[in-house]
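A.B. asks: my questions are about this predicted structure, shown below with the sequence.
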Amino acid sequence: MTSEENNKITVELKQNKEIENTKYLSPRMPNIKVFTGSSHPDLANKIVTRLGLDLSRATTKKFSNKETNVEIGESVRGEDVYIVQSGCGEINDNLMELLIMINACKIASASRVTAVIPCFPYSRQDKREKSRAPITAKLLANLISVAGADRVITIDLHAFQIQGFFNIPVDNLYAEPAITKWIKHNIPEWKSSVMVSPDAGGVKRMTSIADRLDIDFAIIHKERKRSNEEDLMVLVGDVRNRIAIMVDDLADTCDTIVKGAEKLRESGASKIYAIVTHGILAGNAIDKINNSCLEALVVTNTIPQEKNMKLCPKLQTMDISVMLAEAIRRIHYAESVSYLFTNVPY
């Protein structure tokens, strides 16, 4: 063998070694799997349809003693797994189901497990209101982390500090872009309307939307009275002969929304809308909305609303599956999520 042939073989070996090293320096982007729990399968189906995927197979059931059983129906080894489970319905059962699904995927060698929790449960228990009270949102953060979640995606946390309860990344998406878009498309006179916060806690959210739309805003302030006396509601701002749009992060019993609407009507508002991210609508909330002076109550579909919409003609929904699907896509490909804080993906 000539020296020229030896040199040629040496060069080829070096090139092959470089190619082999490059394979290890650039690890393969893992494939994506999206599972759903039993709390909101319709939302999960809309997300995977947007992503062009099929919903991954998993079965959930309960034993006779009410223990939750989960079976992951396909391989997740090396996969980028997303589990969609909203904090609604039988909240505690659904929460346990989520924790079991996270752990099942993690011990089945999933590359990464992300919990997609559009409506984060126990978010109102984020601090001690009195001595010996628990901080349950912190406990829930610990449970999700210990179960094996590597990341959490949620929408409009009731208290932003909950993100700090986690030792893993939390993507708290905002419904503001979707709300702004809905107002522009569904309220013809929106340019002369007034944004209203039904309580002091929602002022930051309300003013942010008002700034986006470049319109005026007002605040309903509650003056606490003595026991056995109703709180006095004071409106700060002018809504006379104008459309009033109340915004809040959640509506549970709807007392705050309905009483706020009554105050706005007394103050001369021509029409009153309420837009809420999470429509919990517990107890007799539907009856209160039907009998209220609201033109419409608009909620996102972080919680299923099909049954409520049949009972309440004033109830309307906004679809946020597009936002969640885009967040999943961007996280999967390691792209920035901050675009979604100010824009609705097409």
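C.D. replies: Structure received.

A.B. asks: which phi and psi does the closest residue to Arg151 other than its chain neighbours have?
C.D. replies: Spatially, and ignoring its direct neighbours in sequence, Arg151 is nearest to Thr114 (4.3 Å; C-beta to C-beta, 6 or more residues apart in numbering). Every residue, glycine included, has its C-beta placed from N, CA and C. Dihedral pair for Thr114: phi -110, psi 130, per degrees, to the nearest 10.

A.B. asks: thought Thr114 was touching Val81?
C.D. replies: Yes: between Thr114 and Val81 there is a contact under C-beta atoms under 8 Å: 6.9 Å.

A.B. asks: what's the spacing between the residue nearest to Arg151 and Gly73?
C.D. replies: Counting by C-beta to C-beta, to the nearest Å, the gap from Thr114 to Gly73 is 19 Å.

A.B. asks: the two: which is more packed in?
C.D. replies: Set side by side, Thr114 and Gly73 show unequal neighbour counts under other C-beta atoms under 10 Å, the larger going to Thr114 at 26 against 9.

A.B. asks: run through the bridge partners of the more buried one.
C.D. replies: For Thr114, the beta-bridge assignment (DSSP bridges) gives partners Tyr82, Arg151.

A.B. asks: and the pLDDT for it?
C.D. replies: The per-residue pLDDT reported for Thr114 equals 98.

A.B. asks: who are the contact partners of it?
C.D. replies: Contact criterion C-beta atoms under 8 Å, 6 or more residues apart in numbering gives Asp80, Val81, Tyr82, Ile83, Ala149, Asp150, Arg151, Val152, Ile153, Ile328, Ile331 as the residues in contact with Thr114.

A.B. asks: the stretch 1-150 of the chain: helices as residue ranges?
C.D. replies: Taking DSSP state H, counting those that start in this stretch, the helices of the stretch 1-150 of the chain run over residues 3-25, 41-51, 91-107, 136-147.

A.B. asks: tell me what the third one is packed against?
C.D. replies: Helices and strands touching helix 91-107, by 3 or more C-beta pairs under 8 Å, 6 or more residues apart in numbering; DSSP states H and E, are strand 58-62, strand 68-72, strand 80-84, strand 112-117, helix 136-147.

A.B. asks: mind checking how far Ser109 is from Glu79?
C.D. replies: Computed with C-beta to C-beta, the distance linking Ser109 and Glu79 is 9 Å.

A.B. asks: any idea how far the residue nearest to Glu74 when sequence neighbours are not counted lies from Gly78?
C.D. replies: Once its chain neighbours are removed from consideration, Glu74 has its nearest residue in Arg57; the separation is 5.2 Å (C-beta to C-beta, 6+ apart). Applying C-beta to C-beta, the value for Arg57 to Gly78 is 17 Å.

A.B. asks: repeat that for Tyr346.
C.D. replies: Noted for Tyr346: a distance of 32 Å to Gly78, by C-beta to C-beta.

A.B. asks: ok, which stretches of the stretch 201-346 of the chain are helices?
C.D. replies: Using DSSP H, counting those that start in this stretch, helices in the stretch 201-346 of the chain cover 203-213, 255-266, 285-290, 306-311, 321-332.

A.B. asks: please produce JSON lines containing these, extended by distance to Phe341 and mean pLDDT.
C.D. replies: Rendered in JSON lines, the data for those read as follows (distance: least, C-beta to C-beta, whole Å; pLDDT from 0 to 100):
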{"stretch": "helix 203-213", "distance to Phe341": "10", "mean pLDDT": "94"}
{"stretch": "helix 255-266", "distance to Phe341": "25", "mean pLDDT": "94"}
{"stretch": "helix 285-290", "distance to Phe341": "29", "mean pLDDT": "96"}
{"stretch": "helix 306-311", "distance to Phe341": "28", "mean pLDDT": "96"}
{"stretch": "helix 321-332", "distance to Phe341": "10", "mean pLDDT": "96"}
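
A.B. asks: how about the helices and strands packed on helix 91-107 in a markdown table, adding distance to Glu129?
C.D. replies: Output for those, formatted as a markdown table (distance: least, C-beta to C-beta, whole Å):
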| stretch | distance to Glu129 |
| --- | --- |
| strand 58-62 | 34 |
| strand 68-72 | 31 |
| strand 80-84 | 31 |
| strand 112-117 | 23 |
| helix 136-147 | 11 |
